[in-house]
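A.B. asks: Starting from these lines, generate the structure:
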Amino acid sequence: YGILTELLPAEKLVAANGWIEGLTISSIILGVVLGGKLVDPQISDKLLSFDFPLISTGINTTNQSALCSITVCYIIAAIFNRYIPDTGAKYQKQESNPICLLRDFTRCSIKLWRDKLGQISLAVTTLFWGAGATLQYLVLKWAEVNLHMPLNKGSELQGVFAVGIAIGALFAARIIPLKKSLSVMPLGVLMGLVVTTMIFVTNVWLAYPLLIFIGGLAGFFVVPMNALLQHRGHVLMS
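C.D. replies: Numbering: from 1, shown residues only. As a prediction, this is how the structure comes out:
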């Protein structure tokens, strides 16, 4: 996220965050979906059925096939990372002493919290990610209790949620300029209220559109907030 302020001017930060946010959250949640599929006996049996002539891979269990699949994903990600451009930004040599690092982190945090816009964006995004991380796992339990879905099926709902986030993030990228980023605050309140309606949903076909709607609100809400936080951090510090 930090590299965006080096690559782009302030007016393009929301648009860039829309793409980054949509893809990042999708990768996190779709990763959970992939994990659910990798522990599915039918999928693992198909993975274990692959064999290489004259080579013994030593992969004979569900866990081993799942870990190999994850390793392949990491290798692909590493290849993509090689193509991130050098922005040309140069910084002074960074401290390696933990005490100095902690002191610098504290100084930067205080500076952001004292800035009105930084304060709002930092508080909102911190609460958002804390709630989001909790809800990511609560959805699995909700699917089990309310919708009577097993783990490998419940993880699909997180994929549905990811679709909503990606849609919301891309809409925010197209509609909301940086100077109007605070205008999305009411959507955060609405999202919180809509999340509470999940306790009344016991039908899978109602769960799908509800999760897409909540995801859309989440994506549309957090992208401008992230862009604002990046911009204030860039202006106040580096």
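A.B. asks: ok, longest helix in this protein?
C.D. replies: What stands out as the longest helix in the chain, according to DSSP state H, is helix 204-236.
A.B. asks: What residues of that helix count as buried?
C.D. replies: For helix 204-236, burial by neighbour count (16 or more other CB atoms under 10 Å) applies to 207-208, 210-233. For glycine as for every other residue, the C-beta is placed from the backbone atoms N, C-alpha and C.
A.B. asks: Quick one: mean pLDDT over it.
C.D. replies: Averaged across helix 204-236, pLDDT comes to 88.
A.B. asks: Same check on stretch 2-19?
C.D. replies: Stretch 2-19 shows a mean pLDDT of 83.
A.B. asks: So which elements touch the worst-scoring helix or strand of the chain on mean pLDDT?
C.D. replies: Least confident helix or strand of the chain, by mean pLDDT, DSSP states H and E, is helix 41-49 with a mean of 73. Helix 41-49 sits against helix 13-38, helix 62-81, with contacts defined as 3 or more CB pairs under 8 Å, 6 or more residues apart in numbering; DSSP states H and E.
A.B. asks: quick one: that helix to helix 62-81, angle?
C.D. replies: Angle of helix 41-49 versus helix 62-81, following axes from the mean of the first three to the mean of the last three CA atoms, to 10 degrees, is 80 degrees.
A.B. asks: tell me the angle of helix 41-49 relative to helix 13-38?
C.D. replies: Counting by the same axes, to 10 degrees, helix 41-49 points 90 degrees away from the direction of helix 13-38.
A.B. asks: Distance from helix 41-49 to the middle of the chain?
C.D. replies: Helix 41-49 sits 29 Å away from the centroid of its parent chain (CA atoms, centre = their mean, to the nearest Å).
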